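Visitor: Following is a predicted model, sequence given first.
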Amino acid sequence: MTFFRNFFRSIYFVIILFFETLINFLIGLDWVVISPFFLLIYFVSTKRFNNHNIIPLVISGLSYDIFLSENYLGVYSILFLLVAIICNYIQKRFQSTNYQEVISFTFGFLIYNTINLSEANFISFFIPSLLINYLIYFLYQRTLGNRV
Amino acid sequence: MQSTEALPKRSYILYILFILLSSLLILIDYFSNKELSSYFPNSVNFEFEIENSDFTFIQRFNTLFEQRAQLVSENIRLEQEVQDLRSLEIVNKELQLQLESYESISTLSNIQSFELLSSGFITKNLNLEYLIYGGNNQQLEVGDLVINEKGFVVGYLREVFYSYSILESPYSSDFNLEVMDKYNNTYLITSNGSEMFISSILLDNYKDDIDFLYTDISFNHSGKFPVVDTRLINFELQNNQINASLKFLDNFTFNTKLFIPKFK
């Protein structure tokens, strides 16, 4: 049962990750990226944090390394796992503050884009992407809240 | 209290273990010169072999569309060609008519020494004065003779404007024209609008076979052109005088070809 759950969840994660690559390729803007996979990681690490997400995250990272990146195998697995841990940690650490979600989202997004940190226009790309992705997450939460 | 704070940290252990496992993978991949990460891309072929038969329908559709496009363009081309041919046919008819008139006029003996300016009727007024094409722009002058396609004089220019002129024809009562026969006897042709009157001025050497009355350069005419065929009328000497009348046989139409001969 656990195997099938991890298997299907992995497929689901990989699809979202590949969809992210596809949608950014189609949009083709240098100054903004839409990251549904980061939103997924953030959501599962803050709202549904548990060890069942580890295998899907690792498999997603491996898939990305194998098919879509030039990095060594495992780089993106570590990245995704780190994003999940840090988002969850900051969420718990700043639980008492009003801006815990914004802070954890920002840190998580920063780590998610660590690979692009060396690029010259990182700031001009990071800020709009952060705002747009947070807006999407915010709207998603509102929609989910209304439905519930 | 302690247990609730310790719970998140403990839950990270498995995550950290997998991070270490992934680091191990990086090391293996690094030392194997990326053989591990390139294993799947090299072994999995994403290019599907598609048989030609699968494209048959698409190719048929493509061929169909191409043929349709070719037919449409061919149709447009043919339509344009038909229009061109129709316009050419009209031009050809006009040119044939013009050629026929030139052919008939070219039978005149001395016509080669004249430049024939083609003209035609524009309109006529109540006094039966005809407006014809051609004027100062073609170096026409008052008194220039106007001949028809048979070479017979039909009148002379009374007034010349920039691009049109007024023709004084025998249908006008003001018409008068001095003419000469081949024996140099001179005559005056006048008109009352419905008939032409021919009266002799000077008959020095009259003979019966004069046949035609001509214009002449001695009367400041541009050349020698026939005006009246005397064989068709009662043209006889009586009391050393000739007085003949001639009814107009045919009227001018707007299709009548007119020429204004100018000496080259």
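Guide: The structure has been received and is ready for your questions. Numbering: from 1, shown residues only, chains lettered A, B, ... in the order given.
Visitor: part of a strand, is B:Ser118?
Guide: Yes: under DSSP: H, G, I helix; E, B strand; the rest coil, B:Ser118 falls within a strand.
Visitor: what bridges to the nearest residue to it once chain neighbours are set aside?
Guide: Residue nearest to B:Ser118 in three dimensions, not counting chain neighbours: B:Phe259, with 6.1 Å by C-beta to C-beta, 6 or more residues apart in numbering or on different chains. (Each C-beta comes from the backbone N, C-alpha and C, glycine too.) B:Phe259 has the following beta-bridge partners by DSSP bridges: B:Ser118, B:Ile147.
Visitor: which regions of the chain sit below the pLDDT cut-off?
Guide: All of this is about chain A. Filtered on pLDDT under 70, chain A yields the residue ranges A:145-148.
Visitor: look at chain B instead
Guide: Along chain B, segments meeting pLDDT under 70 span B:1-10, B:44-55, B:101-110, B:126-127, B:249-251.
Visitor: repeat that for 90
Guide: Across chain B, the ranges flagged by pLDDT under 90 are B:1-15, B:25, B:29-69, B:93-143, B:147-154, B:158-176, B:180-185, B:191-264.
Visitor: Check what contacts stretch B:138-146 and list those residues.
Guide: Stretch B:138-146 has contacts (C-beta atoms under 8 Å, 6 or more residues apart in numbering or on different chains) with B:117, B:119, B:132, B:134, B:153-160, B:165, B:167, B:215, B:220-223, B:225, B:258-262.
Visitor: Show me just the buried residues among these.
Guide: Restricting the contacts of stretch B:138-146 to buried positions leaves B:117, B:119, B:132, B:134, B:153-158, B:160, B:165, B:167, B:215, B:221-223, B:225, B:258-262, with burial counted as 16 or more other C-beta atoms under 10 Å in any protein chain shown.
Visitor: check contacts around the spatially most central residue of chain A.
Guide: Computing the C-alpha centroid of chain A and ranking residues by C-alpha atoms, centre = their mean puts A:Phe38 first, at 1.5 Å. Each residue near A:Phe38 by C-beta under 8 Å, 6+ apart is listed here: A:Glu20, A:Val83, A:Gly108, A:Phe109, A:Tyr112, A:Asn133.
Visitor: can you rerun that using 10 Å?
Guide: Going by C-beta atoms under 10 Å, 6 or more residues apart in numbering or on different chains, A:Phe38 touches A:16-17, A:20, A:80, A:83, A:87, A:105, A:108-109, A:111-113, A:129, A:133, A:137.
Visitor: which element is it on?
Guide: Using DSSP states H and E, A:Phe38 falls within helix A:36-46.
Visitor: just the CA coordinates of that helix, formatted as CSV?
Guide: C-alpha atoms of helix A:36-46 as CSV (Å, rounded to 0.1, in the frame of the first residue of the first chain):
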residue,chain,number,x,y,z
PRO,A,36,3.9,25.1,-9.4
PHE,A,37,6.3,22.5,-8.2
PHE,A,38,7.7,24.8,-5.6
LEU,A,39,4.2,25.6,-4.5
LEU,A,40,3.6,21.9,-4.2
ILE,A,41,6.7,21.4,-2.1
TYR,A,42,5.8,24.4,0.1
PHE,A,43,2.3,23.2,0.5
VAL,A,44,3.3,19.7,1.5
SER,A,45,6.1,20.8,3.7
THR,A,46,4.0,23.4,5.7
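Visitor: and the very next helix or strand once past it, what other elements does it pack with?
Guide: The helix or strand immediately downstream of helix A:36-46 is helix A:54-63, counting by DSSP H and E. On a contact count with 3 or more C-beta pairs under 10 Å, 6 or more residues apart in numbering or on different chains; DSSP states H and E, helix A:54-63 meets helix A:2-27, helix A:36-46, helix A:75-93, helix B:13-31, helix B:35-43.
Visitor: mind running it again at 8 Å?
Guide: When contacts are defined as 3 or more C-beta pairs under 8 Å, 6 or more residues apart in numbering or on different chains; DSSP states H and E, helix A:54-63 sits against helix A:2-27, helix A:75-93, helix B:13-31.
Visitor: What is the second one packed up against?
Guide: Spelled out, it's helix A:75-93. By 3+ C-beta pairs under 8 Å, 6+ apart, helix A:75-93 packs against helix A:36-46, helix A:54-63, helix A:100-112, helix B:2-11, helix B:13-31.
Visitor: residues of it that come out buried?
Guide: Across helix A:75-93, burial judged by 16+ other C-beta under 10 Å covers A:75-92.
Visitor: can you list contacts of it?
Guide: Counting by C-beta under 8 Å, 6+ apart, helix A:75-93 makes contact with A:38, A:41-42, A:44-46, A:49, A:53-54, A:57-58, A:60-62, A:64-65, A:69, A:100-101, A:103-105, A:107-108, A:111-112, A:114-115, B:8, B:12, B:15-16, B:18-19, B:22-23, B:25-26, all of which sit outside it.
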